[in-house]
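Q: Below are the sequence and a predicted model for it; my questions follow.
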Amino acid sequence: MTRLLLIGPPGAGKGTQALRLSERLGVPAISTGDIFRENVNSGTELGVLAKSFMDRGEYVPDEVTNDLVRDRLAAADAGTGFLLDGYPRTTEQVRTLDRFLERQGHALDAVVQLTADQDETVSRLLKRARDQGRSDDTEDVIRHRLEVYAAQTAPLIDVYAARGLVISIDGLGSMDDVTERIVGALAERGISQPVA
Ligand code: AMP
């Protein structure tokens, strides 16, 4: 039973690491960004709404995002643990997640903070823009996403640090190195991969 959050600026490598950790720890990786993009691609009402915010580098409103996550966490596969990638991003989302877990009698085990300096994250995002053509990876929108992260999401690190939950990991280096750093730091806290 492992309940983790992955927090870090756009371009820190959250999505990549979330998938790898999900495999190693045997819990589903839940990315709100991926769920929104799936909805955009299949043209749902939620997708149309989400796209109008995502394309500007703004956050999708808390009410919408919180409803989505509550539903997703109530699914059977999340009952024994999860790794949330890109949620919570606002203090209101933290409150919603707290209430949800409290009602279930559960708590977070750790919050993994992935750090990376801004020059590195911007160059990674611009490379991703060339490789994948994500509509929110243009230079102006990237800059705005970094500002929104600094204003609304970075302060959440202090909230979780005050609870003793934050594990800070240097996100620079190869994907494998970063994964090993995270797995090692989690193991030190008694959070280990399941025995195969
Ligand atoms: P990501 O793939 O995590 O970079 O998310 C892409 C975009 O989806 C973000 O820039 C937001 O517009 C939206 N998004 C993802 N997660 C959240 C969230 N927790 N709260 C609000 N908006 C979100």
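A: Happy to help now that I have it. Residues are numbered from 1 along each chain as shown.
Q: Centre of the chain to the helix or strand bottoming out on mean pLDDT in the chain, how far?
A: Every helix and strand in the chain was compared by mean pLDDT, DSSP states H and E; the lowest is helix 118-132, with a mean of 90. What separates the centre of helix 118-132 from the centre of its chain is 17 Å, taken as CA atoms, centre = their mean, to the nearest Å.
Q: and that helix, what other elements does it pack with?
A: helix 139-148 (3 or more CB pairs under 8 Å, 6 or more residues apart in numbering; DSSP states H and E). For the C-beta atoms, the positions are set from N, CA and C on the backbone; glycine is no exception.
Q: List the buried residues in the helix it packs on.
A: By neighbour count on 16 or more other CB atoms under 10 Å, the buried set for helix 139-148 is 141-142, 145-146, 148.
Q: Run through who's touching it.
A: Residues outside helix 139-148 that contact it (CB atoms under 8 Å, 6 or more residues apart in numbering) are 9-11, 55-59, 118, 121-122, 125-126, 129, 136.
Q: ok, so of those residues, who is nearest the ligand?
A: residue 59 (3.5 Å; CB to the nearest ligand atom).
Q: dump the residue contacts of residue 16.
A: residue 175.
Q: State the helix or strand in which it lies.
A: Taking DSSP states H and E as the definition, one finds residue 16 inside helix 14-25.
Q: what's whichever helix or strand comes after that helix packed up against?
A: Counting by DSSP H and E, the element after helix 14-25 in chain order, helix or strand, is strand 29-31. With contacts defined as 3+ CB pairs under 8 Å, 6+ apart, the packing partners of strand 29-31 are helix 14-25, helix 62-73, strand 81-85.
Q: ok, now with 10 Å
A: Under the contact criterion of 3 or more CB pairs under 10 Å, 6 or more residues apart in numbering; DSSP states H and E, strand 29-31 touches strand 2-7, helix 14-25, helix 62-73, strand 81-85.
Q: what's in contact with the third one?
A: Right, the one you point to is helix 62-73. Helix 62-73 is touched from outside by 3, 28, 30-32, 35-36, 39, 46, 49-50, 53, 59-60, 78-79, 82, 84, 86-93, 95-97, 99-101, 104, 106, with contacts defined as CB atoms under 10 Å, 6 or more residues apart in numbering.
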